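>>> Quick one: sequence and predicted model below, then my questions.
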Amino acid sequence: MKTIVIGVIGADCHAVGNKIIDYVLREHGYNVVNVGVLSSQEDFINAAIESNASMILVSSLYGQGELDCRGMREKCVEAGIGDIKLYVGGNIVVGKQNFDEVKERFIKMGFDRVFAPNTPIEADLPFIKEDLGE
Amino acid sequence: MELRNKKWTEEEFFKVRKEVLSTWPTGNDPELDLDKAVAYLKSIPASKNFALKLKDAKEHRVRTLVQPRAGVALLNEHIALLQHLEKAGADFLPSTIDAYTRQNRYSEGEEGIKRSEEAGRSLLNGFPAVNHGVKGCRKVVESINVPLQARHGTPDSRLLAEIIHAGGWTSNEGGGISYNLPYAKAVSIEDSIKYWQYCDRLVGYYEEHGVTINREPFGPLTGTLVPPSIAIAVGIIEALLAAEQGVKNITVGYGMCGNIVQDVAAVRSLQQLTEEYLEEKGYKGCCVTTVFHQWMGGFPADEAEALGLISMSSVVASLAGATKMINKTPHESVGIPTKEANADGIKASKIITKLLEDQTFPESQKLADEIAQIKKEVKCLMDCVYNVGEGDLAVGTVKAFEQGLLDIPFAPSKYNAGLILPARDAEGCVRILEFGKLGFNDEIKAFHRAKIAERAKQDGREVGFQLCIDDIYAVSTGHLIGRTSYKD
Ligand code: B12
């Protein structure tokens, strides 16, 4: 059973999507480690190391994701899990911006996949499967 | 200090105040001297006093008044934003506070200001009022012509409250429950009630010195299928806690659920019950008004559909007779709105409140039944709270949440039991599917069970978490109820 770490980064308290992601991933046979809302990069990375996870799904809903996600890939490298799959999704920047540009910014930060607002987790499952080689 | 629902003495207040003001350099501003702050607040014209405008709206009701949410990182941009919204017709203005400030992370707020200057766009999701300090806050007030309120989600809002009120903002949103459980994961309710007793005591101090300031508990909580009676019980508790500290002008809130009869019943019950409890507990002379929040859950992404939902929300608020309404915008599902999108939300809302200014929702048996149901449930919850608190409301609140007698759906806090699950009935009213330890009696539980069973039977499906998930997604996909049978 593959392990996925999920949570909501920064000073963000949006909990509803996080609870649904937790439920849906479990229903689809994944082992889920949920660090919950208001989590730091370290919280995600420590959980990934402890659980030997294959993937980290970062949620950011409140807009300040662009500040909170900076340097996360570098931190993974430092912690010895540089190859882990890193996803980010939710409402990851402030305001309604051109999503191609937003995506570009987060890919540059080292995220493997970047999801637009209004893509429910159910629609993201095929990507997760593919990237985990299932 | 031991937690009790008891008015803080001035001595207790000033002792804590010294610590509060020392938590960030802007707390050192000499204008935070309360004599100076009182003098400044007295210089603000009545037309810009939040409490007075609400009192007037209640006494000479014309229509439901409209207020947007809005806030950006930089001072001049924030002022330009508010001026734009005033021109669009906002009856009240907000300053929505950024999320670092809400967690008291002022140094990250500072960094956010710097990066926003560099990027030429706001990287913060609100206005960092503590960083901008009293002077910045006064500049905002002096640049607009309607009353101004801080809207946030801050468990410990003591320094923020000091700065905004000395800055001339005459309303503060929040409360020890409503700004903790939906917004934090590890702040105890005991602590957050104390923090908000402080904020209320500050307002009480101003009242004693001739300045009236409005306080507004945050009614919608998690904005996600919150059953009316739970939201109303929390609002009443926060109103009572505030009144004990000397607050006189209180606006209790409610987030739209979507069934029109249930929503109208909820607003009426909220107004009546809050006034009744205040009266019964001996708080005389409080002015109670209501605020209706347009749909607070996930919005449709299509902008025209979003405006449709905004318009429907405005109809309900108007017919329910809410004093004030907080509007959403066509950008809701995607991101913080531009000032133009926000103005569109205000205009779409305001025209409806004007068109409906002479109409109210007609009395009917159905409405009367729903009001009776809500009141029964609220009373049951309030009795539980006083019971476990052995008569003390503050202690009772802490214990009621500890024991799950009060429980807020989807709240992230570990101090919330998180055992209840809501879902819609066959007509879209929000009911309860799993009660956890919620303090309802058997009769009330049987009512909810029957309502949800009826819905599940219609849908030909089982009662369970998936039903609740489908209801959470439903409105954003264009239906109130998350049925499996829709074709579009
Ligand atoms: C409900 C809600 C709230 C509730 C949250 C209660 C709680 N504790 O959970 C309350 C009212 C408390 C709230 C508060 C705030 N909110 Co709010 N909120 C919403 C709202 C209306 C719905 C969110 C929701 O629950 N959706 C339902 C769930 C199921 O969907 P979801 O969260 O999108 O998650 C799904 C997908 O996105 C996806 N997904 C999520 N993460 C990830 C990650 C990966 C890797 C993948 C693959 C998929 C994925 O899967 C999830 C399940 O399907 C949205 C707007 C909207 N969507 O209509 C605003 C919104 C998210 N909030 C917003 C803001 C700004 C705030 C505040 C900061 C206040 C403010 N300044 O206005 C505060 C938060 C303070 C803080 N410290 O965080 C903004 C963010 C703006 C931006 N990004 O530019 C939004 C977009 C509204 C807006 N347009 O202004 N909010």
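Perfect, thanks for sending it.
>>> now what about stretch B:300-315, what contacts it?
By Cβ atoms under 8 Å, 6 or more residues apart in numbering or on different chains, the residues outside stretch B:300-315 that reach it are A:117-118, B:64, B:256, B:292, B:294-295, B:299, B:325, B:327-334, B:341, B:344-345, B:348-349, B:352-353, B:356, B:475-478. The C-beta positions use only the backbone N, C-alpha and C, and glycine is treated the same way.
>>> send the alpha carbons of it over as PDB?
Provided in PDB are the C-alpha atoms of stretch B:300-315 (Å, rounded to 0.1, in the frame of the first residue of the first chain):
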ATOM      1  CA  PRO B 300     -19.800  27.800  -8.900                       C
ATOM      2  CA  ALA B 301     -16.800  28.800 -11.100                       C
ATOM      3  CA  ASP B 302     -18.900  30.400 -13.900                       C
ATOM      4  CA  GLU B 303     -19.200  34.100 -13.100                       C
ATOM      5  CA  ALA B 304     -22.800  34.500 -14.300                       C
ATOM      6  CA  GLU B 305     -23.800  31.500 -12.200                       C
ATOM      7  CA  ALA B 306     -22.000  33.000  -9.300                       C
ATOM      8  CA  LEU B 307     -24.000  36.200  -9.700                       C
ATOM      9  CA  GLY B 308     -27.200  34.200  -9.900                       C
ATOM     10  CA  LEU B 309     -26.300  32.600  -6.500                       C
ATOM     11  CA  ILE B 310     -25.500  36.100  -5.100                       C
ATOM     12  CA  SER B 311     -28.800  37.400  -6.300                       C
ATOM     13  CA  MET B 312     -30.700  34.500  -4.700                       C
ATOM     14  CA  SER B 313     -28.900  35.100  -1.400                       C
ATOM     15  CA  SER B 314     -29.900  38.700  -1.600                       C
ATOM     16  CA  VAL B 315     -33.600  37.800  -2.000                       C
END
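>>> does the ligand sit close to that stretch?
No - judged by Cβ under 6 Å from any ligand atom, stretch B:300-315 and the ligand are separated, with a smallest distance of 8.2 Å.
>>> Output the set of residues of chain A in proximity to the ligand.
So chain A meets the ligand at A:11-17, A:20-21, A:57-59, A:61-63, A:87-91, A:94-95, A:115, A:120-121, A:124 (Cβ under 6 Å from any ligand atom).
>>> let's see 5 Å
By Cβ under 5 Å from any ligand atom, the residues of chain A that approach the ligand are A:12-17, A:20, A:57, A:59, A:61-63, A:87, A:89-91, A:94, A:115, A:120-121, A:124.
>>> quick one, strands of the chain?
In the absence of a named chain, chain A is used. A:3-8, A:31-34, A:55-60, A:85-90, A:113-114 (DSSP state E).
>>> that's the wrong chain, I meant chain B
B:65-67, B:93-96, B:148-151, B:171-173, B:214-216, B:249-255, B:287-293, B:324-326, B:421-424, B:430-434.
>>> Mind listing the strands the last one pairs with, and their directions?
Okay, so that is strand B:430-434. Applying DSSP bridges to the sheet, strand B:430-434 is found paired with strand B:421-424 (antiparallel).
>>> and the residue nearest to B:V475 when sequence neighbours are not counted, what does it touch?
Distance criterion Cβ to Cβ, 6 or more residues apart in numbering or on different chains; nearest residue to B:V475, sequence neighbours excluded, is B:G297 at 5.8 Å. B:G297 makes contacts with B:223-225, B:472, B:475-476, as judged by Cβ under 8 Å, 6+ apart.
>>> Format those residues as JSON lines; extra columns: pLDDT.
Putting the contacts of B:G297 into JSON lines (pLDDT from 0 to 100) gives the following:
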{"residue": "B:G223", "pLDDT": "98"}
{"residue": "B:T224", "pLDDT": "98"}
{"residue": "B:L225", "pLDDT": "98"}
{"residue": "B:I472", "pLDDT": "98"}
{"residue": "B:V475", "pLDDT": "98"}
{"residue": "B:S476", "pLDDT": "97"}
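>>> Dump the strands of chain A into TSV; add mean neighbour count and distance to B:G109 as well.
Below are the strands of chain A laid out as TSV (neighbours: other Cβ atoms under 10 Å in any protein chain shown; distance: least, Cβ to Cβ, whole Å):
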stretch	mean neighbour count	distance to B:G109
strand A:3-8	24	19
strand A:31-34	18	28
strand A:55-60	25	17
strand A:85-90	22	21
strand A:113-114	19	26
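>>> thinking again about what came up before, which members of the residues of chain A next to the ligand additionally contact chain B?
Counting by Cβ under 8 Å from any Cβ of the partner chain, A:12-13, A:15-16, A:20, A:62-63, A:91, A:94, A:120 from the residues of chain A next to the ligand sit close to chain B.
>>> In helices, which of the residues you listed fall?
Counting by DSSP state H, those place A:16, A:20 in helices.
>>> Show me which pair in the ones next to chain B among the residues of chain A next to the ligand is furthest apart.
Within those, A:I20 and A:V94 form the most distant pair, 23.5 Å apart (Cβ to Cβ).
>>> more neighbours, the two?
Remark: of A:I20 and A:V94, A:V94 carries more neighbours, 25 against 19, as counted by other Cβ atoms under 10 Å in any protein chain shown.
>>> Skipping its backbone neighbours, what lies nearest that one in space?
Spatial nearest neighbour of A:V94, chain neighbours left out: A:G63 (4.0 Å); criterion: Cβ to Cβ, 6+ apart.
>>> Name all residues that make contact with the one you found.
With Cβ under 8 Å, 6+ apart, A:G63 has these contacts: A:91-95, B:99, B:124-125, B:335-336.
>>> can you list the domains in chain B?
Using automatic domain parsing, the domain parsing of chain B gives B:10-355, B:419-488.
>>> Now do the last one: distance to the chain's middle.
Going back to what we said before, that points to domain B:419-488. The chain centroid and the centroid of domain B:419-488 are separated by 24 Å under Cα atoms, centre = their mean, to the nearest Å.
>>> again with the first one
Computed by Cα atoms, centre = their mean, the separation of domain B:10-355 from the middle of its chain amounts to 7 Å.
>>> Give me the pLDDT for residue 64.
As the question left the chain open, I've gone with chain A. Looking at A:Q64, its pLDDT is 94.
>>> nope, chain B
On the pLDDT scale, B:T64 gets 98.
>>> Check B:R69 too.
Predicted confidence (pLDDT) at B:R69: the value is 98.
>>> Who are the contact partners of it?
Counting by Cβ under 8 Å, 6+ apart, B:R69 has contacts B:94, B:96, B:151, B:326.
>>> quick check, nearest of the residues you listed to the ligand?
Of all those, the ligand sits closest to B:T96, with 4.6 Å by Cβ to the nearest ligand atom.
>>> Just grab the bridge partners of the closest one for me.
B:R151.
>>> Mark which of the contacts of B:G297 are part of helices, please.
B:I472.
>>> Dump the contacts of B:G297 to JSON lines, plus neighbour count.
Compiled in JSON lines, the contacts of B:G297 are given as follows (neighbours: other Cβ atoms under 10 Å in any protein chain shown):
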{"residue": "B:G223", "neighbour count": "19"}
{"residue": "B:T224", "neighbour count": "24"}
{"residue": "B:L225", "neighbour count": "25"}
{"residue": "B:I472", "neighbour count": "22"}
{"residue": "B:V475", "neighbour count": "21"}
{"residue": "B:S476", "neighbour count": "21"}
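>>> Grab the nearest non-local neighbour of the residue nearest the centre of chain B.
The C-alpha lying nearest the average C-alpha coordinate of chain B belongs to B:F218 (Cα atoms, centre = their mean; 1.9 Å). Leaving aside its sequence neighbours, B:F218 sits nearest to B:S178 (Cβ to Cβ, 6+ apart; 3.8 Å).
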